[in-house]
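# Predicted model and sequence follow; I will ask about them next.
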Amino acid sequence: DQQVKQNSPSLSVQEGRISILNCDYTNSMFDYFLWYKKYPAEGPTFLISISSIKDKNEDGRFTVFLNKSAKHLSLHIVPSQPGDSAVYFCAASGVGGTSYGKLTFGQGTILTVHP
Amino acid sequence: EPEVTQTPSHQVTQMGQEVILRCVPISNHLYFYWYRQILGQKVEFLVSFYNNEISEKSEIFDDQFSVERPDGSNFTLKIRSTKLEDSAMYFCASSVGQGKETQYFGPGTRLLVL
């Protein structure tokens, strides 16, 4: 199942700089997208979401951008902090069909922020 | 802040044994979910549950799996006869509604089948 893909397994960023995590999807029925952060041995923690009727949503240091025509979304973290080091998952859900009510996850990107 | 809780945090069992994983969703949430993550793989949807019924299940969720809300607070996942390949991290999640609603996850139960 490759409906949601995060093509970068890892990303390394200097503290204070911008982190950009990318996600691509193939299912045009997806209309709600979420980013979760996960530390080892913990559950995914919700970060930020975006509906398909928007192209940007911002919450503090976190901004998610959605490009529906390209079926691409990205998470920007500015400025990056060492505490942001974790695995970041992109997830999507949709209305109708088999994607309604369930989240489809990407493989995750390991973000390391160096002091 | 309300959170989803799960017990136990770790469970070791012998192949063929039954296990029950427990979850307490956030109190005002109406939709409940189970996901799993096999080591090194994606988080995968298993089942969603609403109004005491399964609303959707994946192909993974076969007859060996069942879910129940035995009382007003707990939500359980039962695996009747565990297999080696059931070894995974199991996450419970809950949401207020469905569709464009955020699902909040518990810390997970690590299941190891020997």
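It's in. Keep in mind that this is a model prediction, so the values were computed, not measured.

# which secondary structure element contains the residue nearest the centre of chain B?
With distances taken as CA atoms, centre = their mean, the residue of chain B nearest its centroid is residue B:34 (3.1 Å). Residue B:34 belongs to strand B:31-37 when elements are defined using DSSP states H and E.

# Residues touching that strand, excluding its own?
Counting contacts by CB atoms under 8 Å, 6 or more residues apart in numbering or on different chains, the residues outside strand B:31-37 that touch it are A:101-103, B:21, B:23, B:25, B:43-50, B:55, B:60, B:67, B:69, B:75, B:77, B:88-98, B:101, B:103, B:105, B:108. Every C-beta, even on glycine, is put in place using the N, C-alpha and C of the backbone.

# Kindly state the beta-bridge partners for the residue nearest to the centre of chain B.
Here residue B:34 sits in beta bridges with residue B:47, residue B:92, going by DSSP bridges.

# what's the answer for residue A:75, then?
Listed beta-bridge partners, residue A:75: residue A:21, residue A:64 (assigned using DSSP bridges).

# For burial, what's the neighbour tally of the residue nearest to residue B:87 when sequence neighbours are not counted?
When the adjacent residues along the chain are set aside, residue B:87 lies closest to residue B:113, with 4.8 Å between them (CB to CB, 6 or more residues apart in numbering or on different chains). Residue B:113 is flanked by 19 other residues according to other CB atoms under 10 Å in any protein chain shown.

# Check residue A:58 too.
Residues near residue A:58, counting by other CB under 10 Å, number 12.

# and the helix or strand hosting it, anywhere near chain B?
Using DSSP H and E, the element containing residue A:58 is strand A:56-59. No: under the criterion of CB under 8 Å from any CB of the partner chain, chain B is not reached by strand A:56-59; the shortest gap measures 12.1 Å.

# Ok, stretch A:26-44 next?
Yes: contact of stretch A:26-44 with chain B (CB under 8 Å from any CB) involves A:31, A:32, A:34, A:36, A:41, A:42, A:43, A:44.

# contacting residues around the closest residue to residue A:6 other than its chain neighbours?
What sits nearest to residue A:6 in space, not counting adjacent residues and going by CB to CB, 6+ apart, is residue A:106, at 3.8 Å. For residue A:106, the set of contacting residues under the criterion of CB under 8 Å, 6+ apart consists of A:4, A:5, A:6, A:23, A:89, A:90, A:91, B:42.

# Quick check: residues of chain B near chain A?
Neighbours of chain A within chain B, by CB under 8 Å from any CB: B:4, B:6, B:31, B:33, B:35, B:42-45, B:48, B:55-56, B:58, B:91, B:98-100, B:102-108, B:110.

# What about the residues you listed, which are in strands?
Judged by DSSP state E, the residues of chain B next to chain A include B:6, B:31, B:33, B:35, B:43-45, B:48, B:55-56, B:91, B:104-105, B:110 as members of strands.

# Many thanks, have a good one.
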